[in-house]
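*Asks:* what's the 3D shape of this:
(one chain, ligands or ions: 2)
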Amino acid sequence: MSILATNVGFQYPGAGRWTLKDINLKVEPGEVVNIVGRNGTGKTTLLKLLAGIHPPTKGKIETRGRVAYMDQSASEMMSPGLTIAEQLKVAGDGQKLTDQLRRFEVGLDTRLTEFMGHLSGGQRQIVALLCTLISAKTLCLDEFASALDPRSASVAHAILSDAVALEDVAIVFVAHGSDWFEKFRIHQL
Ligand SMILES: Nc1ncnc2c1ncn2[C@@H]1O[C@H](COP(=O)(O)OP(=O)(O)OP(=O)(O)O)[C@@H](O)[C@H]1O
Ligand SMILES: [Mg+2]
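*Replies:* Ligands and ions are numbered 1, 2, ... in the order given. Next up, the predicted model:
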């Protein structure tokens, strides 16, 4: 098991109402789950709970090892003052990540001395996704491809599919608007 959430409920402090109620979710290694629901139904909140960013108010969340979380703007784990190369090194295997950057064909692999803070939204999302992917075997990805163009999005999907199939990575994600998402198990909020 990668993630096991049992009867989970959550209230934001002082909110006085349940944002999440009775969530039961099991994710095995090599499994991908798409969290769907309307705006404000608690998708982001659920991912943050699964990643240990907020403790559940009720119930229990068990995980196997570290869970990595990527937020939509890719800002929480990125340091604008680091160069791309430094950011990749902080995340792990800089060479492997540089090779993966090349697959996107947006020049990031040749601009390694530029500061993260100077990248476009989509470029930052690409670096953040690869850094998240290398940092753990269980990933919570919130709108991870929202700023990617269609070609970059399909490279991202291919890299994630490989990680799931070859390395038993488990992914829980929120995203809209791509055929790639439709083949995965859906958890409706
Ligand atoms: N820090 C907070 N304090 C109080 N309430 C919050 C806080 N963050 C979010 N909420 C509330 O919790 C509910 C769920 O928010 P969440 O961000 O998880 O929704 P979401 O499903 O990700 O929505 P979207 O599709 O718009 O991204 C919303 O009603 C929101 O107003
Ligand atoms: Mg959200």
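*Asks:* all strands for this protein, in order.
*Replies:* For the chain, strands defined by DSSP state E occupy the ranges 3-10, 20-27, 32-36, 58-63, 67-70, 138-142, 170-174, 185-188.
*Asks:* in contact with the residue nearest to residue 126 when sequence neighbours are not counted, which residues?
*Replies:* Nearest residue to residue 126, sequence neighbours excluded (C-beta to C-beta, 6 or more residues apart in numbering): residue 104, at 5.6 Å. Yep, even glycine has a C-beta here, placed from its N, CA and C like the rest. Contact analysis of residue 104 by C-beta atoms under 8 Å, 6 or more residues apart in numbering lists 126, 152, 155, 156.
*Asks:* quick one, longest helix in the protein?
*Replies:* helix 150-167 (DSSP state H).
*Asks:* tell me what that helix is packed against?
*Replies:* Contact here means 3 or more C-beta pairs under 8 Å, 6 or more residues apart in numbering; DSSP states H and E; on that basis helix 150-167 packs against helix 94-103, helix 121-135, strand 170-174.
*Asks:* is any part of the last one close to ligand 2?
*Replies:* By that I understand strand 170-174. No - on the criterion C-beta under 5 Å from the ion, strand 170-174 is out of touch with ligand 2, staying 6.2 Å away.
*Asks:* off-centre distance for that strand?
*Replies:* 7 Å (C-alpha atoms, centre = their mean, to the nearest Å).
*Asks:* ok and it relative to helix 121-135, angle-wise?
*Replies:* Counting by axes from the mean of the first three to the mean of the last three C-alpha atoms, to 10 degrees, strand 170-174 points 150 degrees away from the direction of helix 121-135.
*Asks:* kind regards, and thank you for your time.
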